[in-house]
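**Q** Give me coordinates for this.
(2 chains)
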Amino acid sequence: MSTSTASLDHASPEQIAVGFCRVLRGVGLPTPLGSVLLFVEALGRTGVESRDSVYWSARATLVRRPEDFSLFDRAFSVFWTQRHELEPTDEEIQHVTLLVDTDGDEGSDDKGEADSLDDDSIALRFSAVETLRHKDFARYTPSELSEAQDLMSRLRLAGSPRESFRFVKGSSSRPDLRRTVRASLATGGEPIRRHWLEPDQRLRRLVLLLDVSGSMEPYSRALVRFVQAAVAGRQKVEAFAIGTRLTRVTRELSHRDPDRALARAAERVADWSGGTRLGDSLRRFNDEWGVRGMARGAIVVILSDGWDRGDTDVLAAEMQRLHRVSFRTIWVNPLKVTPGYAPLARGMAAALPHVDHFVEGHSIDAMERLARVVSAP
Amino acid sequence: MTDTILTPEAVAAALEQQGYSADTGLSTAVFLALTLERPLLLEGEAGVGKTELAKVLARWTGGELIRLQCYEGIDATQAVYDWDYSRQLLHLRAAEATGEASSTGTERLENELYQERFLLKRAVLRALSPAPVRPVLLIDEIDRADDEFEAYLLEVLSDFQVTIPELGTVRADVPPIVVLTSNRTRDVHDALKRRCLYHWVEHPSFEREVSIVRRRVPDIAEGLARQVAAATEAMRALHLYKPPGIAETIDWATALGRLGAVAIDEHRVRATLGAVLKYREDQERVETNGLGELVQAAVRRALVA
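**A** Down below sits the predicted model:
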């Protein structure tokens, strides 16, 4: 911020806008040029005299997510009182992640991607990585971890398709009057050739909830790569980290370069290798995302060992809630393979009645089986 | 809409007059949407009055309210336009019967078929068509539509024009007032958000909620309105699955009014709890938290404030 904003009363809307947007970028809120111009226009209408008008004009034009409000408010009050330095805040971390480009959301075609992955997954079966496939994640060396990344990105997480509400050209179900009328023109108005529509196929949303608490640490560093591969490789995947709190990491992990994606996610997740409050985190997920729509009709995969330091009644109730709205609930527990394993973790025992599939998750091999469970019709 | 110079305060006053009390943030956002001719994207919890705002805007400006309810799979034929195929086929039949079809040739016939009289105008096209007063286009629950539709909508909202291959381009002389709402079941695309002005609608403050209830349910006692607002406010702090919105407060106040209540008491609250809490778990939570205490606290709060 330059000294040109020292006397706001005499500053032009342009100066205010440019000055303030610089502060916003400084704290990590992306402000594209288009928004800045819109803000200038808005200031032209509301005037720059009143703090309230400037504040609300800025908020209506520059902020697009409620999560950014607190950071925005702080930036604004700093700007308005013209202090020069910003105290670093928690939210500063968020800022980096907001810049992640999500152009992958549009354009790429589900079906095409599934096809191309098909070849790769065949190649997987007879390679030198056979040993790696059965090795327990907990015993991986760092170099094996990055090798595993490669294998995981080849896993097909197609998810079972369901019928879309959209209709496409086809051979059944519903007459395609548009085409029929068109075609009938060629035959003097007689609809001789009938055209038809059929429902399109659509992937179910896949929601991955990865437990990042301390007890999961040996596994979560491998599993997060699996989650990243799923997010980057397919549309309609959402990823969350659960520990003592809930963090949505979809945007961070959607970066196509796995290392950068993982670095961004790691920055974002504040409670990595901390404690576990599965029930509370699931509750937050259900309240803020899941039950509202994200988990509805979706395939929900929880990757966790089921150790919960919170109230297991809460966990059971939230699992039941989640199970009621989702299409399929899958619990992946890396400890399941342990000889003599019984779901002793209290959290696990509480959650099990509300799980459709309970699978292992300790090795690539196990993840392949998971991929099959996810993709089952 | 009056001809006087528009200010955020004037917007707030006009909305107030129509029975909608907006805070400074919302009235500024509406003011900007009107003057900058940009769509207004409203997000917020269900039941905070997002959709209502569009209705009120239409009442105020006198423009037609054109509502497009989004749902999964919605596409251009349902949102923008479609051809009336049955009538087209009938027309073809008629042409054939009169022998017109063979004499006029295919091209003529085609021109006849794709005329405006066979065009079914859906919400978006209607909003772009000439009108005496700017219509209000309400695109409700955009988060329910899919990505493809959002991308299409972005195109329409950028230029306020629609191209119909058979007819040409329809362009709005004056862009409609566009209000989009989202419950945030998923993120709306950044590109669409950038096109819009954005406002997050909060639950109203206590006094504002009281005045909304008073206005929407005028036949109940003021004391009751205050107590109902206080009780809902308390419920919102209980971490419920579905915290009650304004719509629920109004329903609840209406229900209590019908029962002839002039004040809330534990018995009546229990009997009408279904009007305000829509989950069994939420009702249980409120009960275990102590319904009696909640009622007493609400009665006190209503007096103090």
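**Q** And chain A, split by domain according to the record?
**A** Per the record, chain A has its domains at A:3-91, A:110-157+A:204-375, A:163-203, by automatic domain parsing.
**Q** need those in JSON lines with distance to residue B:181, mean pLDDT and mean neighbour count, can you?
**A** Backbone N, C-alpha and C define where each C-beta goes, glycine included. Shown next, in JSON lines, are the domains of chain A (distance: least, C-beta to C-beta, whole Å; pLDDT from 0 to 100; neighbours: other C-beta atoms under 10 Å in any protein chain shown):
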{"stretch": "domain A:3-91", "distance to residue B:181": "14", "mean pLDDT": "77", "mean neighbour count": "17"}
{"stretch": "domain A:110-157+A:204-375", "distance to residue B:181": "14", "mean pLDDT": "78", "mean neighbour count": "19"}
{"stretch": "domain A:163-203", "distance to residue B:181": "20", "mean pLDDT": "78", "mean neighbour count": "16"}
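**Q** of all those, which lies closest to residue B:26?
**A** domain A:3-91 (8.7 Å; C-beta to C-beta).
**Q** The spatially most central residue of chain B: what's it in contact with?
**A** Nearest to the geometric centre of chain B sits residue B:51, at 2.1 Å (C-alpha atoms, centre = their mean). By C-beta atoms under 8 Å, 6 or more residues apart in numbering or on different chains, the contact list for residue B:51 reads B:138, B:140, B:181.
**Q** I'd assumed it was in a helix, is it?
**A** Yes - using DSSP: H, G, I helix; E, B strand; the rest coil, the assignment for residue B:51 is a helix.
**Q** And it, how far from residue A:280?
**A** 32 Å (C-beta to C-beta, to the nearest Å).
**Q** out of the contacts of residue B:51, which are inside strands?
**A** If you go by DSSP state E, the contacts of residue B:51 have B:138, B:140, B:181 in strands.
**Q** okay, those in CSV with neighbour count next?
**A** Converted to CSV, the ones in strands among the contacts of residue B:51 look like this (neighbours: other C-beta atoms under 10 Å in any protein chain shown):
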residue, neighbour count
B:138, 25
B:140, 18
B:181, 24
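**Q** In chain B, where is pLDDT below threshold?
**A** Across chain B, the ranges flagged by pLDDT under 70 are B:1-4, B:100-104, B:305.
**Q** isn't residue B:178 right next to residue B:41, touching?
**A** No - at 9.1 Å, residue B:178 and residue B:41 do not qualify as touching, with contact defined as C-beta atoms under 8 Å.
**Q** Let me see the contact set for the residue lying closest to residue B:73 once chain neighbours are set aside.
**A** Using C-beta to C-beta, 6 or more residues apart in numbering or on different chains and skipping residues adjacent in sequence, the residue nearest residue B:73 is residue A:165, 2.6 Å away. Counting by C-beta under 8 Å, 6+ apart, residue A:165 touches A:199, B:71, B:72, B:73.
**Q** Which one (most neighbours) among those?
**A** The most neighbours of any of the contacts of residue A:165, using other C-beta atoms under 10 Å in any protein chain shown, belong to residue B:73, which has 19 neighbours.
**Q** so it sits right up against residue B:147, yeah?
**A** No - assessed by C-beta under 8 Å, residue B:73 is found out of contact with residue B:147, at 11.9 Å.
**Q** Could you check how far the spatially closest residue to residue A:319 that is not a sequence neighbour is from chain B?
**A** Excluding the flanking residues, the one nearest residue A:319 by C-beta to C-beta, 6+ apart is residue A:354, at 3.9 Å. Distance of residue A:354 to chain B, computed by C-beta to the nearest C-beta, to the nearest Å: 15 Å.
**Q** Any idea which residue of the stretch 101-250 of chain A lies closest to chain B?
**A** residue A:165 (2.6 Å; C-beta to the nearest C-beta).
**Q** distance of that residue from residue B:74?
**A** Distance from residue A:165 to residue B:74, by C-beta to C-beta: 8 Å.
**Q** State the distance spanning the first to the last residue of stretch B:169-178.
**A** One end of stretch B:169-178 sits 20 Å from the other (C-alpha to C-alpha, to the nearest Å).
**Q** Which of the residues in it are classified as buried?
**A** B:170, B:172, B:175, B:176, B:177, B:178 (16 or more other C-beta atoms under 10 Å in any protein chain shown).
**Q** Among the residues you listed, which pair sits farthest apart?
**A** B:170 and B:177 (17.7 Å).
**Q** The helix or strand hosting residue A:201 - which strands sit beside it in the sheet, and in what orientation?
**A** Counting by DSSP states H and E, the element that carries residue A:201 is strand A:196-203. Strand pairing for strand A:196-203, using DSSP bridges, gives strand A:161-170 (antiparallel), strand A:174-175 (antiparallel).
**Q** And for the shortest one, what's in contact with it?
**A** Read it as strand A:174-175. A:167, A:194, A:195, A:196, A:197, A:198.
**Q** Beta-bridge partners for the residue lying closest to the last one once chain neighbours are set aside, please?
**A** Translated: residue A:198. Spatial nearest neighbour of residue A:198, excluding adjacent residues (C-beta to C-beta, 6+ apart): residue A:170 at 3.0 Å. Beta-bridge pairing for residue A:170 (DSSP bridges): residue A:196.
**Q** quick one: contacts for residue A:170?
**A** Residues in contact with residue A:170, defined by C-beta under 8 Å, 6+ apart, are A:196, A:197, A:198.
**Q** before we move on, back to that, of the buried residues of stretch B:169-178, which belong to strands?
**A** Going by DSSP E, the strands hold B:170, B:177, B:178 from the buried residues of stretch B:169-178.
**Q** What about the nearest residue to residue A:189 once chain neighbours are set aside, how many residues nearby?
**A** If the residues on either side of it in the chain are set aside, residue A:189 comes closest to residue B:92, at 3.5 Å by C-beta to C-beta, 6+ apart. Neighbour count for residue B:92, taken as other C-beta under 10 Å: 23.
**Q** quick one: residue B:92 and residue A:192, what's the gap?
**A** Residue B:92 is 12 Å from residue A:192, by C-beta to C-beta.
**Q** For residue B:150, see how far away residue B:128 is.
**A** Taken as C-beta to C-beta, the span from residue B:128 to residue B:150 is 18 Å.
**Q** For residue B:225, which non-adjacent residue is spatially closest?
**A** Using C-beta to C-beta, 6+ apart, the nearest residue to residue B:225 is residue B:213, at 4.4 Å.
**Q** Kindly list the main-chain dihedrals of that neighbour?
**A** In terms of degrees, to the nearest 10, the main-chain angles of residue B:213 are phi -60, psi -40.
**Q** So what's the residue count around it?
**A** For residue B:213, using other C-beta under 10 Å, the count is 25.
**Q** thinking again about what came up before, next step: the contacts of residue A:165 restricted to helices.
**A** Secondary structure assignment by DSSP state H places none of those in helices.
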